[in-house]
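1. What follows is a predicted structure for the sequence shown.
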Amino acid sequence: MLIFLGRRTLLAIPSLLGVALVTFILMRSVPGDVVTSLLGDVQDVTPERLAELRRMFGLDLPIHVQFGQWLGAVLQGDLGSSLRTGRSIAGDIALRFPVTLQLTLMSLTIALALALPIGVTAARYRGRWPDYLGSAFVLVGLALPNFFLAILLILLFSLHLGWLPPAGYVPLLENPGENMRRMLLPSLSLGLILAAATTRIMRSTMLEVLGRDYVRTARAKGLEERVVTLRHALRNALIPVVTVVGLQFGSLLGGTVIIEQVFSLPGIGRFALEGINLRDYPVVQGAVLVIAAAFVFVNLLVDVIYALIDPRVRYA
Amino acid sequence: MRDAATLATGRAAAARRRSDRWRTLRLFLTRSAGGVGTLMVLAALIGAVFAPYLTPYDAVTLDPPARLQGPSAEHWLGTDQLGRDTFTRILYGGRASLSVAGAAVAFALLVGGTLGLLAGFYRGWVDALIMRITDVLLSFPAVLLAIALIAFLGAGFTNLVLAIGIVYVGPFARVARGAVLTVREELFVEASRALGSRDWRIILGAVLPSAAAPLIVEVTLRLAYAILAEASLSFLGLGTQPPTPSWGLMVADGRRFLALGPWATIAPGLAIMVVVLGFNLLGDGLRDALDPRVKAR
């Protein structure tokens, strides 16, 4: 198990390096460079002052040296500082991380709480009305843009019924009740869509498992259908679902960028968008790097969980 | 040196291929998913292409006295906060959404498909290199990568197409590679090689036609994703720029007047949904029709 863990962790390193390299290249592909975009409309800058500024940012060095220096700093947790506020980007991201984490975890919980029962029921009643209802849920969920679902939810629960606030954030530790009230709609916006994608996989793997020999054996020895479905079939059907949920995590993380914007939540995604609007490129670079690294980490975690619950892959 | 028997076998094979093709088409259209999906996509395409003939209004001219009206005989889907007809803007908005999505998927198919064909055909270091590159691309959450590309490249049609297209290069490369791997050891590929054909000839003549089916399905499903991506980027203000109408942009604009005129937001949102649903159904239908295992039923 330890060997597997070690090998899988090593495999994540090239991915992380690649992610860092792509983020770095993106940063360098900005029209002009950081200095010109920092100066913006300021016109009366002498060439000497420009050269001095470039030296300050290390832009006069060969590109691979720049990458090495930047990577070294990143590995020590230094993502540079914001061009606008001068604050440490790593510090700002640490402040915003809990918001994005809470949003992701709540969305994931909603998704699984819906997808498992709907998927299992659809598979058990294949070709009958619960299955069709489940398919309709999947098709609509896969076609709904998350921002549109968010607006529909605001329209219904905030403007029409007045039950929940349409936007804004309250820290969890400050006021847990109010925090939940404000995080519910954003989490539903992402969770319902993720639930649709997960339901689809849940249904198809469940169908496959229900056709297996051991399920027939379980039925043949006279077990109740409930026990067969939940104890024998569901447990095995969950294994591929774990992988798919891990892959879906990418779209969940991408979705947080949009949903944080819609509900004015101060998470990492919104931090990146603010950076884009202010042309604060180091901020964008830092936020993108952290989110992408989180995705690589989640996939690593998923593989480990997979090995834990499925003994067949453990020592492979 | 052809004798009559070979000729006859050839004719029979050609006839079988033709009837196969008809069966595929019939299977595809008669199963409800494929047929309904085709209708939805066709409706959107016709709306976008023939927009000027389908509505008396203009998509960008302002008409302030008529702002934020509900649906009526004059304005089927109401008007937005600047008095522009929502139905008209949805028709014209389809142009932005569909053309960006189409161009982005074409780009991804061309680049990713080629990379995947080469990787699967040559294996070895070519394969390793190409697959490492796609691995890195797939390490990014898709929307995030597109947002980052736009942030650094700047907005505009070409950059938008590139940003969305690059994201889907990875998936296309994987599908193409997988398809090539299943056919590269087949007899007809070996025969082509034995005849002394050049590599490009084997790839285009023997390998590509067999790899086409999964690629076609992938194109349809990716179009659905690409439309969602274009809408998301436009919603964030990073995609299609005003005053050009785009569905995502319309949802973002209408949102500020949600209480006064919900139609200006709901209608374009539903448009996105219908077209994405259409492409998804089309993709599912195509997959079922092109899958030989389903045919047997």
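-> Noted; the coordinates are in hand. Numbers count the residues shown, from 1 in each chain, chains lettered A, B, ... in the order given.

2. State the three-state secondary structure for residue A:84.
-> On the three-state scheme (DSSP: H, G, I helix; E, B strand; the rest coil), residue A:84 is labelled coil.

3. For it, give its distance to residue A:196.
-> 39 Å (C-beta to C-beta, to the nearest Å). C-beta coordinates here come from the backbone N, C-alpha and C atoms, glycine included.

4. more crowded one of these two?
-> residue A:196 (22 against 14; other C-beta atoms under 10 Å in any protein chain shown).

5. Can you pull out the low-pLDDT segments for the chain?
-> In the absence of a named chain, chain A is used. Counting by pLDDT under 70, chain A has low-confidence residues at A:31-44, A:57-58, A:311-316.

6. my bad, the chain I had in mind was chain B
-> Residue ranges of chain B with pLDDT under 70: B:1-19, B:21, B:27-32, B:66-68, B:73, B:75, B:83, B:291-297.

7. And the next helix or strand past whichever strand or helix holds residue B:152?
-> Using DSSP states H and E, residue B:152 falls within helix B:142-153. Moving toward the C-terminus from helix B:142-153, the next helix or strand (DSSP H and E) is helix B:157-183.

8. residues making contact with the helix or strand following that following helix?
-> Downstream of helix B:157-183, the first helix or strand assigned by DSSP H and E is helix B:187-194. For helix B:187-194, the external contacting residues (C-beta atoms under 8 Å, 6 or more residues apart in numbering or on different chains) are B:183, B:201, B:202, B:205, B:206, B:207.

9. Distance-wise, check the spatially most central residue of chain B relative to residue B:46.
-> Nearest residue to the geometric centre of chain B (C-alpha atoms, centre = their mean): residue B:223, 2.1 Å. For residue B:223, the distance to residue B:46 equals 16 Å [C-beta to C-beta].

10. Also residue B:159?
-> 28 Å.

11. okay, the angle between the strand or helix carrying residue B:88 and helix B:187-194?
-> Using DSSP H and E, residue B:88 sits within helix B:86-122. Angle, helix B:86-122 to helix B:187-194, by axes from the mean of the first three to the mean of the last three C-alpha atoms, to 10 degrees: 60 degrees.

12. Tell me which other helices or strands helix B:86-122 touches.
-> In terms of contacts (3 or more C-beta pairs under 8 Å, 6 or more residues apart in numbering or on different chains; DSSP states H and E), helix B:86-122 is packed against helix B:32-49, helix B:51-54, helix B:124-138, helix B:157-183, helix B:208-235, helix B:247-255, helix B:263-290.

13. can you put those in a markdown table and add distance to chain A?
-> Below are the helices and strands packed on helix B:86-122 laid out as a markdown table (distance: least, C-beta to the nearest C-beta, whole Å):
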| stretch | distance to chain A |
| --- | --- |
| helix B:32-49 | 9 |
| helix B:51-54 | 22 |
| helix B:124-138 | 3 |
| helix B:157-183 | 10 |
| helix B:208-235 | 5 |
| helix B:247-255 | 6 |
| helix B:263-290 | 4 |
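
14. closest one to residue B:89 among those helices?
-> Checking the helices and strands packed on helix B:86-122 against residue B:89 by C-beta to C-beta gives helix B:247-255 as the closest, at 6.0 Å.

15. How far does the helix holding residue B:152 sit from its chain's centre?
-> With C-alpha atoms, centre = their mean, to the nearest Å as the basis, helix B:142-153 stands 19 Å off its chain's centre.

16. residues contacting the nearest residue to residue B:144 once chain neighbours are set aside?
-> Nearest-residue entry for residue B:144: residue A:254, 4.7 Å, with adjacent residues in sequence omitted and distances by C-beta to C-beta, 6 or more residues apart in numbering or on different chains. Contacts for residue A:254 were tallied using C-beta under 8 Å, 6+ apart; they are B:141, B:142, B:143, B:144, B:147.

17. Name the helix or strand for residue A:254, please.
-> helix A:235-262.

18. Mind listing what's buried along the very next helix or strand once past that helix?
-> Sequence order places helix A:268-277 as the next helix or strand after helix A:235-262, per DSSP H and E. Buried residues in helix A:268-277, counting neighbours by 16 or more other C-beta atoms under 10 Å in any protein chain shown, are found at A:268, A:269, A:270, A:271, A:272, A:273, A:274, A:275, A:276.

19. Name the residues that touch helix A:268-277?
-> Residues external to helix A:268-277 that are found in contact with it (C-beta under 8 Å, 6+ apart): A:82, A:92-93, A:96-97, A:99-100, A:253, A:256-261, A:264, A:280-284, A:287-288, A:290-291, B:144, B:147-148, B:150-151, B:236-238.

20. what do you get for stretch A:279-288?
-> By C-beta under 8 Å, 6+ apart, the residues outside stretch A:279-288 that reach it are A:23-24, A:26-27, A:30, A:34, A:37, A:40, A:79-84, A:89-90, A:92-93, A:268-269, A:271-272, A:274-276, B:140, B:144, B:147-148, B:151-152.

21. ditto for stretch A:160-169
-> Counting by C-beta under 8 Å, 6+ apart, A:99, A:154, A:157-159, A:179, A:181-182, A:184-185, A:262-266 sit against stretch A:160-169.

22. Now with 10 Å, please.
-> Contacts with stretch A:160-169, where a contact means C-beta atoms under 10 Å, 6 or more residues apart in numbering or on different chains, come from A:99, A:102-103, A:150-151, A:153-159, A:178-186, A:188, A:260, A:262-267, A:270, B:258-259, B:262.

23. could you flag which of those residues are buried?
-> Buried among these (16+ other C-beta under 10 Å): A:99, A:102-103, A:150-151, A:153-155, A:157-158, A:179, A:182-186, A:188, A:260, A:262-263, A:265-267, A:270, B:258, B:262.

24. Just the buried positions in stretch B:34-45, please.
-> Buried-residue list, stretch B:34-45, by 16+ other C-beta under 10 Å: B:34, B:37, B:38, B:40, B:41, B:44.

25. separation between the residue nearest to the fourth one when sequence neighbours are not counted and residue B:107?
-> Read that as residue B:40. Spatial nearest neighbour of residue B:40, chain neighbours left out: residue B:278 (2.9 Å); criterion: C-beta to C-beta, 6+ apart. Residue B:278 is 22 Å from residue B:107, where distance means C-beta to C-beta.

26. Can you pull the residues of the stretch 1-150 of chain A lying near chain B?
-> A:11-12, A:14-23, A:25-31, A:135, A:138-140, A:142-150 (C-beta under 10 Å from any C-beta of the partner chain).

27. again, 8 Å this time
-> The stretch 1-150 of chain A comes close to chain B at residues A:14-16, A:18-19, A:21-23, A:26-27, A:29-31, A:139-140, A:142-148, as judged by C-beta under 8 Å from any C-beta of the partner chain.

28. For PyMOL, what selects the buried ones among those residues?
-> Applying 16+ other C-beta under 10 Å to the residues of the stretch 1-150 of chain A next to chain B, the buried members can be selected in PyMOL as follows:
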select buried, chain A and resi 15+16+18+19+22+23+26+27+30+139+142+143+144+145+146+147+148
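
29. Just the ones of the residues of the stretch 1-150 of chain A next to chain B in helices?
-> Secondary structure from DSSP state H places A:14-16, A:18-19, A:21-23, A:26-27, A:139-140, A:142-143, A:146-148 of the residues of the stretch 1-150 of chain A next to chain B in helices.

30. ok and the helix holding residue A:254 relative to helix B:124-138, angle-wise?
-> Using the same axes, to 10 degrees: helix A:235-262 against helix B:124-138 is 60 degrees.
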